[in-house]
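[1] sharing a sequence plus its predicted fold:
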Amino acid sequence: MEPLTQAKKSNLVLILDYGSQYTHLITRRIRSLSVFSLCINGTSSLDSITELNPRVIILSGGPHSVHADGAPCFPSGFIEYVESQGIHVLGICYGLQLLVQNLGGVVKVGEKHEYGRMEIEVQKNSGLFGNKQIGDKQVVWMSHGDEAVKLPEGFEVVARSNQGAVAAIENREKKFYGLQYHPEVTHSIEGMETLRHFLFDICEITAGWNMEDVLEEEIKVIKAMVGPEDHVICALSGGVDSTVAATVVHKAIGDRLHCVFVDNGLLRQVYSLATSL
Ligand SMILES: Nc1ncnc2c1ncn2[C@@H]1O[C@H](COP(=O)(O)OP(=O)(O)OP(=O)(O)O)[C@@H](O)[C@H]1O
């Protein structure tokens with residue numbers, strides 16, 4: 001069974017990517033918690049989202065302003081879909097602003113512009129911060145110009161920055177959550193803890209996915225795809241991508257894999273040497 005097929009059945013955490021340089025880090029962090037996560041374009045159609053049957057959706061950060069022409073957004077019908085399916089949604093940075101703007105709140109072009117390390121203070125007991133108490137502080141990594149100045153109905157502020165900007169929000173009943181900072185970067189000292197609380201305490205996701213399973217599953221998929229007799233040709237550059245592909249296919253079908261390396265004279269010496277070995 002493909003990893004995706006397996007994850008589709010139960011525990012997929014789907015990341016909608018709005019262009020943040022940290023988006024793939026969110027995927028990696030979640031996978032490191034033994035939960036399968038997958039990242040797709042944030043403007044993907046509703047069908048391609050529903051087809052994946054996610055348990056949790058994370059809206060990534062991004063360089064845009066929700067007020068800019070052509071600012072990327074989730075597809076129409078998305079809010080109705082997540083509400084009807086009881087899917088938990090976490091908006092990170094731009095993702096938080098998308099939620100606020102689309103649910104009837106107000107995002108203003110920021111006057112303060114928060115970039116870099118910043119202290120935030122818990123304003124309300126929330127599952128997002130585990131046992132943290134009101135008034136507890138933590139250092140996080142901010143990177144935003146715009147800010148949420150009025151929350152949609154049903155939302156509450158969970159934390160504020162020391163400049164007074166909204167740093168974390170929630171609407172427990174509707175299962176919407178938002179972090180204005182980036183929990184996925186190590187500069188957010190307790191960011192991983194927050195992701196952990198979100199996934200396991202709030203969303204009640206079950207950990208159990210691991211990379212070894214992916215290898216096993218991929219080998220089965222390749223064996224089934226190639227069949228018992230056919231041969232496969234792999235264009236092998238010596239780079240990471242084709243080397244990993246060749247290694248996995250070789251594990252599946254052995255010597256029926258034939259790698260072709262083209263020495264075009266423009267390769268880094270180490271590649272050409274490694275491939276000729
Ligand atoms: N010199 C080469 N000989 C054989 N195949 C090549 C060669 N250069 C590129 N390819 C094939 O084209 C694919 C795309 O090449 P590209 O240069 O875009 O690198 P890439 O996507 O980083 O992949 P890789 O990490 O394998 O180099 C490679 O994965 C490989 O299958």
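    Nice, I can see it.

[2] run a quick neighbour tally on the residue in the stretch 1-150 of the chain positioned nearest to the ligand.
    Going by CB to the nearest ligand atom, the ligand is nearest to His24 of the stretch 1-150 of the chain, at 15.2 Å. Every residue, glycine included, has its C-beta placed from N, CA and C. By the criterion of other CB atoms under 10 Å, His24 has 14 neighbours.

[3] where's the residue in the chain that the ligand sits nearest to relative to Ala245, distance?
    Closest residue of the chain to the ligand, CB to the nearest ligand atom: Gly239 (2.2 Å). Distance, Gly239 to Ala245, by CB to CB, to the nearest Å: 10 Å.

[4] more neighbours, the two?
    More crowded of Gly239 and Ala245, by other CB under 10 Å: Ala245, with 17 against 13.

[5] identify the bridge partners of the residue lying closest to that one once chain neighbours are set aside.
    Distance criterion CB to CB, 6 or more residues apart in numbering; nearest residue to Ala245, sequence neighbours excluded, is Cys234 at 6.3 Å. Beta-bridge partners recorded for Cys234 (DSSP bridges): Cys259.

[6] for the helix ranked longest in the chain, which helices and strands make contact with it?
    In the chain, with assignment by DSSP state H, the single longest helix is helix 211-226. The helices and strands touching helix 211-226, judged by 3 or more CB pairs under 8 Å, 6 or more residues apart in numbering; DSSP states H and E, are helix 3-9, helix 240-253.

[7] among those, where is the model least confident on average?
    Looking at those, the lowest mean pLDDT belongs to helix 3-9 (a mean of 52).

[8] lowest-pLDDT helix or strand in this structure?
    helix 3-9 (a mean of 52; mean pLDDT, DSSP states H and E).

[9] tell me the spatial nearest neighbour of Glu114, not counting adjacent residues.
    In space, Glu114 is closest to Met142, 3.9 Å off (CB to CB, 6+ apart).

[10] what does the helix or strand containing the one you found contact?
    For Met142, the element it lies in under DSSP states H and E is strand 137-144. Under the contact criterion CB atoms under 8 Å, 6 or more residues apart in numbering, strand 137-144 has outside partners 61, 93-94, 97, 110, 113-122, 132, 161, 167, 180-183, 185, 187-191.

[11] per-residue pLDDT, Lys174?
    pLDDT, Lys174: 97.

[12] surely it and Ser84 touch.
    No - contact criterion CB atoms under 8 Å: Lys174 and Ser84 do not qualify, at 11.2 Å.

[13] looking at these two, which is more packed in?
    Lys174 (18 against 9).

[14] tell me the contacts of that one?
    Contacts of Lys174 (CB under 8 Å, 6+ apart): 83, 154.
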